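Student: with the sequence up front, the predicted model follows.
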Amino acid sequence: MNRDDPEGGPGDLDHPVAGHERAAPVPSARSRRKLWISGGIFAATVVIAVSVVSFRALLHYAHSWHRNEEQEQQLALAVSPPVHDPRGVAVDAAGNVYVADSSTNRVLKVAIGSNTPTMLPFTGLKLSTGVVNNSIAGVAVDAPGNVYVVDSGNNRVLKLADASSTPTVLPFTGLDRPSGVALDTAGNVYLADSGNDRVVKLVAGSSTQTVLPTTRGAIPDAVAVDSAGTVYASVYKYCGLHATCHFLLKLAAGSDNWAELTSAGVEQHVAVDTAGNLYVVTMGEAGGVMKLAPGSSSWTKLPGVSGFRAPGGLAVDTRGNVYVTDNQTPGEGATSRGLIVKLPTG
């Protein structure tokens with residue numbers, strides 16, 4: 001048949017036989033080469049663009065941390081010789097500062113008006129826990145000047161009475177990696193027993209501890225107590241693969257239930273002043289010290305430092321000055337360098 005055949009046929013170029021689709025044209029080798037080159041150029045462009053963005057982000061990150069370090073240096077206590085891996089920190093009524101240097105297993109006192117720390121007579125300490133030191137190595141001091149230290153690696157709490165050279169072990173029992181410690185105005189001791197997911201209380205003069213109501217499955221790592229007997233706990237939970245969720249709990253005096261407070265960010269430490277203001281340290285490049293006034297639900301950020309690299313402890317004195325320990329160059333022993341940063345009254 002020919003092209004004019006109304007019925008069409010095998011020779012009909014415009015009406016192919018049913019069931020016989022025309023084959024798609026096969027690209028030539030030259031066309032395929034052009035496609036490969038175009039794809040390669042596109043991929044290279046994407047890689048370069050991502051690299052530029054990442055490099056700019058890295059520069060911004062490095063610049064921000066450099067600025068934060070400069071701020072910390074300006075506000076840090078001029079301690080010499082320096083502390084290496086400072087953790088728990090406390091301040092007495094006279095303004096003397098006490099700090100646990102976990103990498104050297106020492107507890108140091110920096111007297112007001114002095115830049116030279118003295119080592120307190122705590123011996124046999126094991127302030128760090130495990131290969132990765134995530135211990136707070138809590139420190140507290142009461143009104144008479146007695147110093148309390150959480151010896152995390154040895155699962156005990158030590159008390160050094162004022163003017164004494166021999167610490168005593170407090171009668172806590174069954175501890176597992178304890179961390180933060182605090183005292184109320186009556187001299188009762190509160191302890192974050194992290195490995196047991198609980199907060200325990202030792203009444204002054206007692207030899208029997210009391211377990212406070214459960215923290216709802218969260219792990220406490222720092223505690224504070226105000227003048228009314230309200231207990232605050234900085235806690236965290238594992239909320240995903242290699243992820244933790246941090247939040248803050250409050251236990252009013254006489255209550256059986258913890259209440260969750262409004263979040264200030266990634267809270268890591270907690271302290272309270274004589275006026276009932278609450279303080280926490282938040283993590284990250286834009287972190288810092290946050291303050292919550294009594295009866296308020298809005299946190300305010302204290303001026304001075306935009307962010308901390310590895311904050312280890314938090315304290316506030318009777319004048320409202322806030323102290324934060326920070327490790328700027330993580331390492332071991334003398335290779336690390338830490339700071340005791342003092343923020344002005346907020």
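Tutor: Sure thing, it's come through.
Student: what comes up buried for stretch 183-196?
Tutor: Using 16 or more other CB atoms under 10 Å as the test for burial, stretch 183-196 gives Leu183, Asp184, Asn188, Val189, Tyr190, Leu191, Ala192, Asp193, Ser194, Asn196. The C-beta positions use only the backbone N, C-alpha and C, and glycine is treated the same way.
Student: in a markdown table, list those along with distance to Gly138 and secondary structure.
Tutor: Shown next, in a markdown table, are these (distance: CB to CB, whole Å; DSSP: H, G, I helix; E, B strand; the rest coil):
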| residue | distance to Gly138 | secondary structure |
| --- | --- | --- |
| Leu183 | 11 | strand |
| Asp184 | 15 | coil |
| Asn188 | 15 | coil |
| Val189 | 11 | strand |
| Tyr190 | 10 | strand |
| Leu191 | 8 | strand |
| Ala192 | 7 | strand |
| Asp193 | 11 | strand |
| Ser194 | 10 | helix |
| Asn196 | 15 | helix |
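Student: ok, which pair from these is furthest apart?
Tutor: Based on CB to CB, the longest span within those runs between Asp184 and Asn196 and measures 21.3 Å.
Student: of all the buried residues of stretch 183-196, which comes closest to Ala315?
Tutor: Leu183 (12.2 Å).
Student: re the thing from before, ok, so of the buried residues of stretch 183-196, who is nearest Ala243?
Tutor: Set against Ala243, the nearest of those by CB to CB is Ser194 (17.9 Å).
Student: hang on, isn't that closest one packed against Val181?
Tutor: No. Contact criterion CB atoms under 8 Å: Ser194 and Val181 do not qualify, at 11.6 Å.
Student: and the strand or helix carrying Ala271 with strand 189-193, angle?
Tutor: Counting by DSSP states H and E, the element that carries Ala271 is strand 267-272. Interaxial angle, strand 267-272 versus strand 189-193 (axes from the mean of the first three to the mean of the last three CA atoms, to 10 degrees): 170 degrees.
Student: OK, contacts around Leu249?
Tutor: Leu249 makes contacts with Thr215, Arg216, Ala218, Pro220, Tyr232, Ala233, Val235, Trp258, Ala259, Glu260, Leu261, as judged by CB atoms under 8 Å, 6 or more residues apart in numbering.
Student: now which of the residues you listed would you call buried?
Tutor: Thr215, Ala218, Pro220, Tyr232, Ala233, Val235, Trp258, Leu261.
Student: from the buried residues of stretch 183-196, which is closest to Val225?
Tutor: Of the buried residues of stretch 183-196, the one sitting nearest to Val225 (CB to CB) turns out to be Asp184, at 4.4 Å.
Student: which strands and helices sit next to the helix or strand where Asn327 lies?
Tutor: If you go by DSSP H and E, Asn327 is part of strand 322-329. Applying 3 or more CB pairs under 8 Å, 6 or more residues apart in numbering; DSSP states H and E, one finds that strand 322-329 contacts helix 29-75, strand 86-91, strand 311-316, strand 337-343.
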